[in-house]
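**Student:** dropping the sequence and predicted coords here.
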Amino acid sequence: MSVTIYHNPDCGTSRNTLAMIRQSGVEPEIIEYVKHPPSRDRLKQLIADAGLSAREALRRKGTPYDDLGLDDPALSAEQLLDAMMEHPILINRPFVTTPLGVRLCRPSEVVLEILENPNIGQFVKEDGEVIEAPEGPST
């Protein structure tokens, strides 16, 4: 299964998501999007495929969101995309793509919805929260 994660290694949620993918038996393509941001068209496609608006794909914490006045409801999706292209740290993370779909994996266990093998057993997040992954279809 081809899996890509748009990853920020400084983000606990992103690290947890990556660990869940690996625990499912897949080594994903890892794109550190702050260093290597997606093209504008790719970003628009990720957001659309995840069923989100540009505003829903914005990250506020630890970013220039407030300094740039991005909470202004009058800003268009294109203006928000402009800001994300100029400041990739504004792109919420992690986005994960698989043949089963695209998700913004917040919380990290959302990734289980699009993994071929979501039955990863028990998973302990960095903060100590225990996730009991589904066991998959019974036979």
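**Tutor:** Alright, I've got the coordinates. Computed from a predicted model, the values in this text were never measured in an experiment.
**Student:** how far away is the spatially closest residue to Ser2 that is not a sequence neighbour from Ala50?
**Tutor:** In space, and not counting its chain neighbours, Ser2 is closest to Pro99: 6.4 Å by CB to CB, 6 or more residues apart in numbering. Glycine gets a C-beta too; all of them are placed from N, C-alpha and C. Taking CB to CB, to the nearest Å as the criterion, Pro99 is separated from Ala50 by 15 Å.
**Student:** what does Asn8 give?
**Tutor:** According to CB to CB, Asn8 and Ala50 sit 16 Å apart.
**Student:** same check, this time on Ile5
**Tutor:** Going from Ile5 to Ala50 by CB to CB gives 13 Å.
**Student:** Pro118 now?
**Tutor:** For Pro118 relative to Ala50 (CB to CB), the value is 18 Å.
**Student:** those two: who's more crowded?
**Tutor:** Ala50 (20 against 17; other CB atoms under 10 Å).
**Student:** and the residue nearest to the more buried one when sequence neighbours are not counted, what is it in contact with?
**Tutor:** Leaving out its chain neighbours, the residue that sits closest to Ala50 by CB to CB, 6+ apart is Val102, at 4.7 Å. By CB atoms under 8 Å, 6 or more residues apart in numbering, Val102 lies in contact with Leu46, Asp49, Ala50, Phe95, Val96, Ile114.
**Student:** how about the strands of this structure, start to end?
**Tutor:** 4-7, 29-32, 95-98, 101-104, 122-124, 130-132 (DSSP state E).
**Student:** point out the most buried one among those.
**Tutor:** Among the strands of the chain, strand 95-98 has the highest mean neighbour count (mean count of other CB atoms under 10 Å), at a mean of 24.
**Student:** and the spatially closest residue to Asn92 that is not a sequence neighbour, what pLDDT?
**Tutor:** Distance criterion CB to CB, 6+ apart; nearest residue to Asn92, sequence neighbours excluded, is Arg59 at 4.2 Å. Per-residue pLDDT puts Arg59 at 96.
**Student:** surely Arg59 is in contact with Leu90?
**Tutor:** Yes - using CB atoms under 8 Å, Arg59 is in contact with Leu90, at 5.7 Å.
**Student:** what's the overlap in contacts for those two?
**Tutor:** Listed contacts common to Arg59 and Leu90 are Tyr65; contacts here mean CB under 8 Å, 6+ apart.
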